[in-house]
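Visitor: model this:
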Amino acid sequence: MEINYATDKVVSFSQYSMYKSCPHKWYLQYVKGYKDDKPNIHFVFGTSMHEAIQHYLQTMFDKSAKVADDININQFFKSKMIEEYSKYKKKHGHFATPEELQEFYLDGEAILDWFKKHKRGRRNYFSPRNQQLKGIEVPLVLQPIKERPNIKYMGYVDLIIYDKRSEQYTIFDIKTSTKGWSKWEKGDTIKHNQLYLYKQFYSELFKVPLDKINVEFYIVKRKVLSFDDENILSPHQAYRVQNFKPVDNKKRLREAKEDFTNFIRECYTEEGNPIDKDFEKVTGKPCDWCEFGKNRELCGAALSPDEKFFSF
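Guide: Predicted coordinates for the structure are as follows:
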C-alpha cells in the first residue's frame, strides 16, 4: 500500500504511545504544531546500537558468522554515533559532554563484545544454520480502519527471523536500556501493544497465519553487575542481553488493535484531520523528558504546587 502524502494522514505507534502517556502533549505537538525535538544522548546511542546489531546480523545471514565476526563492529558503532550526534548538533548545538559521549561509546563497545562472544548474546537467538533473516527495518503500511481510507499506519519492524525447523516467524524489537527492564517496564501494556500491532499487521500484509508468528523484545543493557559483585542476586544481572516475551494470545491482540483504533477515532476526523481539542493535561510534577513540561504557558504541570493549588 502506498501513501499519498498530499491527502493521507500517517499515524504511528509513537503517536499512539505519546497520546497514551500524555494526551495534552499529543495535542500540543500534532494539533497546535509545537515540536519537542530536542535530542539526547540516549536516542543517539539507541539508534547507533540498532544499526550496529542489524549490520552484524545482516552480514551473518548473507555471508557467515565468521565474516560477521571479522567486521570491526565497534568502529562501525562509533562512526554511527558520530554521524547521529553530528546530525543533531548542526541544529541544536552540543547536547552531551565529551565525558558522556565516551561513557556511552564504551558501554556500547561492551555490549557488542558480549553480543558477539557470549552464547546468550547472539548464538541463543540467531543462527544462520537453522534460521533465515526475513527482513530488517521491514516497513508495515496499511489502513487500520476500513472506513477511513485517508488514515494510514506506518511502522518499521527491527528484525524478522524465520526458523526452518519449527516453521515459525519471530518479530524482534530491539530496545536499549540503562540497566534492563524492571517488573514495571515488563508490565507496561503499551510497550506490549507495539509488538501485538506488528504481529497483526505483518500477518495481514504478508499473509502469514497469526499462530505462526511469535513476538519478543531483545533488550541490551548499558550497565550490568559483575559476577563477583556482592550485590548480585541473579546471574542474569550480569548479562548484557535480556529477552522478554509478552503474553501473546487472541485477547491481547484484540485489545491492542481496539485501543489503537480508538486512539485514531478520538484524535482524527473521518477525513484524517487532527481534532482540535485540548486533551487532559498530565498532573503532578513536570516530566524531565518533555520540553513542554518546562514551559508554563503550554503545560500546567510546569506550575509549582503552590501556584496550582493555593492561588486565589
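Visitor: so how far is the lengthiest helix in the chain from its chain's centroid?
Guide: When every helix of the chain is counted residue by residue (DSSP state H), the longest turns out to be helix 41-62. Per C-alpha atoms, centre = their mean, to the nearest Å, the displacement of helix 41-62 from the mean C-alpha position of its chain is 13 Å.
Visitor: which residues of this structure score low on pLDDT?
Guide: Residues of the chain that meet the criterion pLDDT under 70 lie in 225-237, 280-289, 296, 300-312.
Visitor: ok so, going back, what's in contact with the longest helix of the chain?
Guide: Taking C-beta atoms under 8 Å, 6 or more residues apart in numbering as the criterion, the residues outside helix 41-62 that touch it are 67-68, 71, 73, 76-77, 80-81, 83-85, 88, 95-96, 100-101, 104, 107-108, 111-112, 115-116, 122, 126, 128, 131-133, 136-137, 158-159, 174, 176, 220, 222. Yep, even glycine has a C-beta here, placed from its N, CA and C like the rest.
Visitor: Could you tell me which of these belong to helices?
Guide: Of the positions in the contacts of helix 41-62, 67-68, 73, 76-77, 80-81, 83-85, 88, 100-101, 104, 107-108, 111-112, 115-116 sit in helices, assigned by DSSP H.
Visitor: How about the contacts made by residue 178?
Guide: Contacts here follow C-beta under 8 Å, 6+ apart; on that basis residue 178 touches 221-223.
Visitor: Please indicate which of the contacts of helix 41-62 are buried?
Guide: With burial judged by 16 or more other C-beta atoms under 10 Å, the buried subset of the contacts of helix 41-62 is 68, 71, 73, 76-77, 80-81, 84-85, 88, 96, 101, 104, 107-108, 111-112, 115-116, 122, 126, 131, 133, 136, 158-159, 176, 220, 222.
Visitor: any idea how far the spatially most central residue of the chain is from residue 181?
Guide: Relative to the mean C-alpha position of the chain, the nearest C-alpha, by C-alpha atoms, centre = their mean, is the one of residue 175, at 6.0 Å. Computed as C-beta to C-beta, to the nearest Å, the residue 175 to residue 181 distance reads 8 Å.
Visitor: quick one, strands of the stretch 151-300 of the chain?
Guide: Using DSSP state E, counting those that start in this stretch, the strands of the stretch 151-300 of the chain run over 151-163, 168-177, 213-221, 241-244.
Visitor: So what touches the last one?
Guide: In this structure, residues lying in contact with strand 241-244 by C-beta under 8 Å, 6+ apart are 114-115, 118, 120-121, 125, 177, 180-181, 186, 216-221, 236.
Visitor: How about stretch 95-106?
Guide: Contacts to stretch 95-106, defined as C-beta under 8 Å, 6+ apart, come from residues 38-41, 44-45, 77-78, 81, 85, 88-89, 222.
Visitor: Turn those into JSON lines, including distance to residue 15.
Guide: Output for the contacts of stretch 95-106, formatted as JSON lines (distance: C-beta to C-beta, whole Å):
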{"residue": "38", "distance to residue 15": "18"}
{"residue": "39", "distance to residue 15": "19"}
{"residue": "40", "distance to residue 15": "19"}
{"residue": "41", "distance to residue 15": "24"}
{"residue": "44", "distance to residue 15": "22"}
{"residue": "45", "distance to residue 15": "23"}
{"residue": "77", "distance to residue 15": "29"}
{"residue": "78", "distance to residue 15": "32"}
{"residue": "81", "distance to residue 15": "27"}
{"residue": "85", "distance to residue 15": "26"}
{"residue": "88", "distance to residue 15": "21"}
{"residue": "89", "distance to residue 15": "26"}
{"residue": "222", "distance to residue 15": "27"}
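Visitor: Pull out the buried members of the contacts of strand 241-244.
Guide: Neighbour counting by 16+ other C-beta under 10 Å classes 114-115, 120-121, 125, 177, 180-181, 216-221 among the contacts of strand 241-244 as buried.
Visitor: need those residues in a markdown table with distance to residue 3, can you?
Guide: Converted to a markdown table, these look like this (distance: C-beta to C-beta, whole Å):
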| residue | distance to residue 3 |
| --- | --- |
| 114 | 39 |
| 115 | 35 |
| 120 | 40 |
| 121 | 37 |
| 125 | 33 |
| 177 | 32 |
| 180 | 36 |
| 181 | 33 |
| 216 | 28 |
| 217 | 28 |
| 218 | 28 |
| 219 | 31 |
| 220 | 32 |
| 221 | 36 |
